[in-house]
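**Student:** Structure of the sequence below:
(6 chains)
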Amino acid sequence: MNFLILHAPILIIAIPLLAAFATLLISKISPKLRNIFVITVLSFVLFLVLLLAHQVYTSGMQVYVLGSNQTTVATPSGYSIPVRIMLTVDGASIFMAIITAIVSLVGAIYSLSFMKKYSGLDKYYTLLLLMSVGMFGMEFTGDMFNLFVFLEILSISSCALVAFWTHKGEPSEAAFKYMVLSCIGALFVLFATALFYGQYNALNIAMIASRMKYSLLDKIALGLLVAVFAMKCGAVPMHMWTPDAYSKAPAPITAMLVVASQASLYALFRGVFTLYNVTLNCLTVGWIIIILGVLSMFIGVTMALPQHDVKRLMAYHAISQTGYMLLGIGVGLAVLGDTNALNSYGLMAMKGGLFHIINHAMYKGLLFLTAGAIFYVTGTRDLNKMGGLAHKMPLTAIFFMIGALSIAGMPPFNGFASKIMIYESVYKFNPVLSILAMVVSILTLASFVKVFHSAFMGPQLPEYKNVKEVPKSMLIGMGILSFMIILFGVFPDIVVNTIVAPAANALVNQGSYITKILGGA
Amino acid sequence: MFTLETNTGFWNPIIWIIAFLVLCIVIYVLRSFGESSYKKGEQIKPFLSGNPEPEKGDVHIRAGNIYWGFTESLKEYYKTMTNIHTGDINDYVYWFIGILAIILVVVSVSGGGL
Amino acid sequence: MIYNFPFIAAVILIGLGVYACMFKRNLIKIVIGISLIESGVNLFLITLGYRKGVAPIYTNAPSGASMVLPTPQALTLTSIVIGVATTALMLSFVMTIYKHYKTLDARKARRLKG
Amino acid sequence: MNKKIGFFAFAVVFVFFFLSAVYLHPFGEPSETDMDDYFIDNGQNETGANNVVTSIVFDYRGYDTLGEATVLFTAVAGVAVAFRRLKK
Amino acid sequence: MIEDIAQIVVLLIIISTGYLAIKMKDLLGAVISLSIMSLLLSLEFYILQAPDVAIAEAGIGAGLTTAIFVLAIRGTKRMEGS
Amino acid sequence: MRGMSKIVRTITNILYSFIIIFGFYIIMHGHLTPGGGFQGGAVVASAFALLVVSYGALKIKDMLKAKNFSVSECSGLLAFIGLGFLGIGTVFFYNFLAGKGGLFGNVIYGINPGDLNTAGVLPLMNIAVGIEVLSGLTLIILYMFNANNPKEEK
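**Tutor:** Predicted coordinates:
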């Protein structure tokens, strides 16, 4: 057990990686064995993540230095600079890792029956594992160049999965657009890394942060990082790839793509809070993020209303919900230098934003999975052709209702808990933003009423006389997420205090992060 | 345990769940006051006034018709928005580079931090 | 004597690539543009690591000479392989798009919009 | 019209890239070199490889190399997915 | 001195081949231009004392990337316009 | 696409074995001279690309099988990550063989021609990565080539 805890950070990344390489070989033996193997591996990873989470919450940040002769000593003896790659697992990283592990497992379980009738499944599961590796790698890394490498793994595997259905042209088109944007973005991140390297001769995030001078080059690097990661998480007006990619990917992949965008969001926060923190002009950068967030909220939800492709509609809602997170974190960043304001409402806004991340991963994942279930039985995503499905698929209808009420911020579901945190704290910062957020919430409810009405309500349509409830593994996948939503809704206090508050504190306290890695400098 | 303290207020899901249950009971009680001798199928006919019963598919309001008024009144807005969402890869890169330019200018003009 | 000319050359390559991504309609031209950005960034990294000296290899090195910085070379090695991987995947997407759409024009190959 | 705005944005971004090239340290004189000096001084002792670049690629930053090999593997799987034969 | 001049010349040719690569209407020509640029880039890497990267760039950039591009152009269309 | 003329094939026949040997030389001497797994793998893969181009789809089907390359790619990667896992007694990716003496050589410091067996796990990793890269890049070429010639597959 001690061995597992000590090596947990690398095992969480290396085991799915090993499994991904082995999956191609195993599926040559038997497809059934491969399915069991993938599920086992992802469950074991979830177990490891929870173990590591317990360790992080009891004894603080974990550092794992790869390839040295001791796991935790970052700098070689006699030198004050870390030369090896290290994994740093603090509250924020483990928070994202929990989300990633849960959603990956659910996605894999759901895929068992959803993807059964398609060919190329060995590559599908390989890519699915690699995608979760990419996310874990981005979340745990403490090194700028390593971040770039795992960003590429994540974007390549997710693009390949978006283009999985090659019998039509649209998935390839969506994947190509996503790929071009993420390639340019990743290369810009590499350029920013090169700027840091040129000035400080360091690639380690803590080392760069401790040497940060905020010169013109740092400003350019900051601009590049903010723009790229905001684009990767789908902030308006760089969101155009999101509806394309989300609507054309297979449903379990879409649920994972949501988490992938949140990993980029995490990278944005890591860059702004840990690399720069108070050296930067907090108010300006905070307002940039707030404006991106508000635009995302408003344009996302208004564009969602007239859509008639159910997954495209949900993709626009994903953009709109990303706006809430950006708003919450942006307010936290804007008051970062001001201790009073930070304690009175800034930290609460950040907690709200972070809590919204985990809530959003759960309910948006659930909604995309129910959309996949609808597609599975009807063969269409067009809302105009649907109706009366609740007669035959009562469980899916209930799951959809849970997700829809949660995303609209209806009490007592979890969406409400995080939204009220954002409303109240943002109201103190700027009342207009808060009111806008409420309006967006109402519009969200309105458009989900539309989906629910046109897909599930109404008389039973003649063309869907023979539909049946979806297979068991899909129900299990959706059931897990609904259970999590209700759990988070009923016990918001426990969730906020155990996993969200450490994440917010880890982001704000740059000093303790640097001290932990470089020693008391 | 159930109460989430935000700094200005609090939020307790249990109260809401209890309120919801009470509401359900009230509705159930109200429903039990209704006519108990309702017969399915036969008593609809007076409402149709002798007309034939419409097909099931026609009764259902399709998605395209919901919120028609809303989109109609915001026609100009939606026109601009659809113009922006061209689906052209060059435009995607346009927007990305444009926002990058704005952020770079704002960040570098606004000067140092603390 | 040459001041920062290698840096500037690298930046010009990046600029050419971004230009191609923004203004060229042909999908393969866009991929070529990304290839150019990548070459530019690689050149930039290698140039960052240069100082007067020999290659960082002890085999057959002249004694007493200083060596150029080895880290950027390792990073560039990584980034070159990543580059060929992304290029291959993008080109395979282009081929699939051509198979279904029969065009390489970014303005015609857009069924996803709105 | 649209093209002009796009070109303007491109010009602004390019100017910033250009500035970053000009404001860096002069070519051939890196300002700080402590990490790389460590590699040059101790690389041979610690790993036994004469080629310092190899010792960085496979030892000090071996994890990056693993990621890079994974990227290639992912791309191959992606190409295979794009060109696979579809079940009828 | 002579090295600096050589470097400037190589860099200028790199930039001009890069320009040609995005300017040519014939995609095959553009790809060949890109390949020449890669080759010169590997020469430049060699001048900058990075033989490891030079071999990689010559093998991957000039060889395999070109092959992949040519295969893709064979599978699609050769001319940019029309 | 049909194969090229007889002259090209003859030259390829002579040339490709030399290129492959040169590639493996680069892989093996990665820790002593410029080169390593990636560069050597790329050189070997370009030899295979030459074969593909000069022989065309008909014959290449028998000579280079995508399935075999896929297996060797996976096994190369598994060997690489396995070497990482072997060091997990101390830390993942720990170079547990370097400077151990005996079979693994004693390191001579400073400027020297060096020995093949000194660098611990680095040469093994070079070989593993070399196998992975050469089969990965060849697979990409093969897949794209086969996608261009769907009719000739039978």
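**Student:** Count the residues that sit near A:Asn384.
**Tutor:** 13 (other C-beta atoms under 10 Å in any protein chain shown). C-betas here are computed from N, CA, C, even on glycine.
**Student:** ditto for A:Thr515
**Tutor:** By other C-beta under 10 Å, 15 other residues sit near A:Thr515.
**Student:** Also A:Ser344?
**Tutor:** Counted by other C-beta under 10 Å, the residues lying close to A:Ser344 total 15.
**Student:** quick one: contacts for it?
**Tutor:** A:428, B:7 (C-beta atoms under 8 Å, 6 or more residues apart in numbering or on different chains).
**Student:** Please read off the pLDDT at it from the model.
**Tutor:** Model confidence at A:Ser344, given as pLDDT, is 86.
**Student:** and it, how far is that from A:Gly332?
**Tutor:** Using C-beta to C-beta, to the nearest Å, one gets 12 Å for the distance from A:Ser344 to A:Gly332.
**Student:** List the buried residues in the helix or strand of chain D with the lowest mean pLDDT.
**Tutor:** Least confident helix or strand, chain D: helix D:34-47 with a mean of 84, by mean pLDDT, DSSP states H and E. The neighbour-count check on helix D:34-47 (16 or more other C-beta atoms under 10 Å in any protein chain shown) flags D:35-40, D:42-44, D:46-47 as buried.
**Student:** near chain B at all, stretch A:258-270?
**Tutor:** No: for stretch A:258-270 and chain B, the contact criterion (C-beta under 8 Å from any C-beta of the partner chain) is not met; the two come no nearer than 12.0 Å.
**Student:** So is that stretch next to chain D?
**Tutor:** No: using C-beta under 8 Å from any C-beta, we find that stretch A:258-270 stays clear of chain D, coming within 13.7 Å at best.
**Student:** separation between the spatially most central residue of chain C and C:Ala85?
**Tutor:** Central residue of chain C (C-alpha atoms, centre = their mean): C:Glu38, 1.4 Å from the mean position. Using C-beta to C-beta, C:Glu38 is found at 11 Å from C:Ala85.
**Student:** Equivalent analysis for A:Leu292, please.
**Tutor:** Here the criterion is C-beta to C-beta. By it, A:Leu292 lies 31 Å from C:Ala85.
**Student:** how about the residues of chain B near chain D?
**Tutor:** Residues of chain B lying near chain D (C-beta under 8 Å from any C-beta): B:94, B:97-98, B:100-101, B:104-105, B:108.
**Student:** hmm, which of those residues are the buried ones?
**Tutor:** Buried subset of the residues of chain B next to chain D (neighbour count, 16+ other C-beta under 10 Å): B:94, B:97-98, B:100-101, B:104.
**Student:** Mutual contacts of C:Glu38 and C:Ala85, please.
**Tutor:** Shared contacts of C:Glu38 and C:Ala85, defined by C-beta under 8 Å, 6+ apart, are absent.
**Student:** Alpha carbons only: can I get stretch A:31-39 in PDB?
**Tutor:** Output of stretch A:31-39 as PDB, limited to C-alpha atoms (Å, rounded to 0.1, in the frame of the first residue of the first chain):
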ATOM      1  CA  PRO A  31     -12.600  -8.700 -28.000                       C
ATOM      2  CA  LYS A  32     -14.300  -9.800 -24.800                       C
ATOM      3  CA  LEU A  33     -11.100 -10.000 -22.900                       C
ATOM      4  CA  ARG A  34     -10.200  -6.600 -24.200                       C
ATOM      5  CA  ASN A  35     -13.400  -5.100 -22.900                       C
ATOM      6  CA  ILE A  36     -12.800  -6.600 -19.400                       C
ATOM      7  CA  PHE A  37      -9.200  -5.400 -19.500                       C
ATOM      8  CA  VAL A  38     -10.100  -1.800 -20.300                       C
ATOM      9  CA  ILE A  39     -12.700  -1.600 -17.600                       C
END
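**Student:** Now it: buried residues?
**Tutor:** A:34-35, A:37-39.
**Student:** Cross those against helices and list the overlap.
**Tutor:** A:34-35, A:37-39 (DSSP state H).
**Student:** For chain B, state which of those is nearest.
**Tutor:** Using C-beta to the nearest C-beta, A:Ile39 comes nearest to chain B of those, at 32.3 Å.
**Student:** From A:Ile288, how far off is C:Val41?
**Tutor:** Plainly put, C:Val41 is 25 Å away from A:Ile288 if you go by C-beta to C-beta.
**Student:** What are the boundaries of the strands in chain F?
**Tutor:** In chain F, no strands are defined using DSSP state E.
**Student:** In it, where is pLDDT below threshold?
**Tutor:** F:1-4, F:57-58, F:61, F:99-108, F:110, F:150-154 (pLDDT under 70).
**Student:** now do 80
**Tutor:** Scanning chain F for pLDDT under 80 picks out F:1-5, F:56-64, F:89-90, F:95-120, F:149-154.
**Student:** Show me which residues of it sit near chain A.
**Tutor:** Taking C-beta under 8 Å from any C-beta as the contact definition, chain F meets chain A at F:70-71, F:74-75, F:77-78, F:81, F:84-85, F:87-88, F:90-95.
**Student:** That's all I had, so thanks and see you.
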